[in-house]
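>>> what's the 3D shape of this:
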Amino acid sequence: MTSENPKIERRGLLLVLSSPSGAGKTSLARALLDSDPGISLSVSVTTRARRPGEVDGRDYWFVDEAKFNAMTEAGQLLEWAKVFGNCYGTPREPIERAIAEGRDVLFDIDWQGAQQLAERLAGDLVRVFVLPPSGETLESRLKRRAQDPPEVVAKRMAEASSEISHWAEYDYVIVNADLAESSAALRSILAAERLRRDRMTGLSSFVRGLQSALS
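The predicted structure is shown next:
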């Protein structure tokens, strides 16, 4: 008796993670990428200064404002936003190619970027909003990062309420009190979305072949 696991062609999906700074979306993104070779991170372009340890082309494509504006005007970005004085955007061509080839892409972007992606690729989008378990936890996480001066931490805390107000625009919400539990929830969301019938472009031909073999 043989065991078969047929590969059915499907369209790739875009998994968006959004949250206020410090809620843990970057940690969740890294955990997912480490555990699932079937999804890759979308590398954004940004005018933000490079932080210690960041690598150009791996974490972001670091560009100046003139280059960023030129890409925007040429229609080379699927979405873009200005956050805390810096511009961030998603290159169009590699994302559209990945979807067509059945590869999944992970986005670590804010609600503005998610709205723009929804305008262009709504059927391919899966949106997850990450909430902190409390305001105190959010502030503590921001301070522990030790990457931003106190005035920036205060500004991020002030902006958190506005960012959180967009939670209802998302398909799923994860309250990130425990990283392991939240990571498991995120993997479950991805597994279910990969099985959506309307994404499985090869399902009709597979079913026809199955029916033919059974008749």
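>>> Contacts only, for the residue nearest the centre of the chain.
The centre of the chain sits closest to residue 107, judged by Cα atoms, centre = their mean, with a distance of 2.1 Å. Residue 107 sits next to 14-17, 42, 90, 113-114, 117 when contact means Cβ atoms under 8 Å, 6 or more residues apart in numbering. Using the backbone N, CA and C atoms, a C-beta is placed for each residue, glycine as well.
>>> how about a cut-off of 10 Å?
14-18, 25, 29, 41-42, 44, 78-79, 90, 95, 113-114, 117, 125-128 (Cβ atoms under 10 Å, 6 or more residues apart in numbering).
>>> That one belongs to a strand?
Yes: the assignment for residue 107 is a strand, going by DSSP: H, G, I helix; E, B strand; the rest coil.
>>> How much space separates it from residue 29?
In this view, residue 107 and residue 29 are 9 Å apart by Cβ to Cβ, to the nearest Å.
>>> Need the overlap of contacts for the two.
Here residue 107 and residue 29 have 15, 17, 41 as joint contacts, going by Cβ under 10 Å, 6+ apart.
>>> Just the buried ones out of those residues, please.
15, 17 (16 or more other Cβ atoms under 10 Å).
>>> Now distance to residue 64 and pLDDT too, for the shared contacts of residue 107 and residue 29, in a markdown table please.
Converted to a markdown table, the shared contacts of residue 107 and residue 29 look like this (distance: Cβ to Cβ, whole Å; pLDDT from 0 to 100):
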| residue | distance to residue 64 | pLDDT |
| --- | --- | --- |
| 15 | 30 | 98 |
| 17 | 27 | 97 |
| 41 | 23 | 93 |
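>>> which one of the shared contacts of residue 107 and residue 29 is nearest residue 192?
residue 15 (11.6 Å; Cβ to Cβ).
>>> CA atoms only for the helix or strand containing the closest one, dumped as CSV, please.
Using DSSP states H and E, residue 15 sits within strand 14-18. Output of strand 14-18 as CSV, limited to C-alpha atoms (Å, rounded to 0.1, in the frame of the first residue of the first chain):
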residue,chain,number,x,y,z
LEU,A,14,0.5,37.9,1.4
LEU,A,15,0.5,37.6,5.2
VAL,A,16,0.5,41.1,6.8
LEU,A,17,1.5,41.6,10.4
SER,A,18,0.7,45.1,11.9
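>>> Packing partners of that strand?
In terms of contacts (3 or more Cβ pairs under 10 Å, 6 or more residues apart in numbering; DSSP states H and E), strand 14-18 is packed against helix 25-35, helix 92-100, strand 104-108, helix 111-121, strand 125-131, strand 172-175, helix 179-194.
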